[in-house]
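1. Show me the folded form of this:
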Amino acid sequence: MAENLLYVVDTHVLIWYFIGSERLDETLKAKVDDVRYRNGRLLVPTIVLSEALFIADKGRVKFDFGKLYRIVRDSKEFEVVGFGADIFEEVRKVEGVIEIHDRVIVATAKYYGAGVITKDRIILNSGEIEDNS
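-> Residues are numbered from 1 along each chain as shown. Alright, predicted model coming up:
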């Protein structure tokens, strides 16, 4: 059985990965590297990009959002995915995650049949997604 190399990346993982933060668990960093270098795809919901822009604008984490966005937009292993009516229908079904950004991330993963690369315990313990390891 072929391993699924399709994952949605959450906001903190995306930012910490690109800035090389020690806050990113080695297991999650290795998962992102593995997907990138084995021709998998990392889905980046527009809600994740919006949240990353907000974090950069507020200076909560110092990083060049424009550079991060260019890398995500221009690298073949990343795919920016929108939040339309189909994913909204999935959002309505998610019960184990209340925070709206996280709910959209989970719904996006469900819609695409993807895993989620996250450190968020609420998402991980929600029963809404399969283990991301």
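
2. so where do the helices sit in the protein?
-> For the chain, the helices defined by DSSP state H cover 11-19, 26-37, 46-58, 65-74, 85-93, 100-112, 121-124.

3. quick one, which of those helices is nearest to residue 5?
-> Distance to residue 5, taken as Cβ to Cβ, is lowest for helix 26-37 among these, at 5.3 Å. The way it works is simple: take the backbone N, C-alpha and C, and place the C-beta from them, glycine included.

4. What angle do helix 11-19 and the closest one make with each other?
-> Between the axes of helix 26-37 and helix 11-19, defined by axes from the mean of the first three to the mean of the last three Cα atoms, to 10 degrees, the angle is 70 degrees.

5. Please point out which parts of helix 26-37 sit buried.
-> Residues 28-29, 31-32, 35-36 are the ones in helix 26-37 that count as buried (16 or more other Cβ atoms under 10 Å).

6. Which other helices and strands does it contact?
-> Contacts defined by 3 or more Cβ pairs under 8 Å, 6 or more residues apart in numbering; DSSP states H and E place helix 26-37 against strand 6-9, helix 11-19, strand 41-45, strand 115-117.

7. Send me that helix as CSV with only the CA atoms.
-> C-alpha atoms of helix 26-37 as CSV (Å, rounded to 0.1, in the frame of the first residue of the first chain):
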residue,chain,number,x,y,z
GLU,A,26,12.1,17.6,15.1
THR,A,27,9.4,15.0,14.2
LEU,A,28,7.3,17.6,12.5
LYS,A,29,10.2,19.2,10.7
ALA,A,30,11.2,15.7,9.5
LYS,A,31,7.7,15.1,8.2
VAL,A,32,7.7,18.3,6.2
ASP,A,33,11.1,17.5,4.8
ASP,A,34,10.0,14.0,4.0
VAL,A,35,6.9,15.1,2.1
ARG,A,36,8.9,17.8,0.2
TYR,A,37,11.8,15.6,-0.8
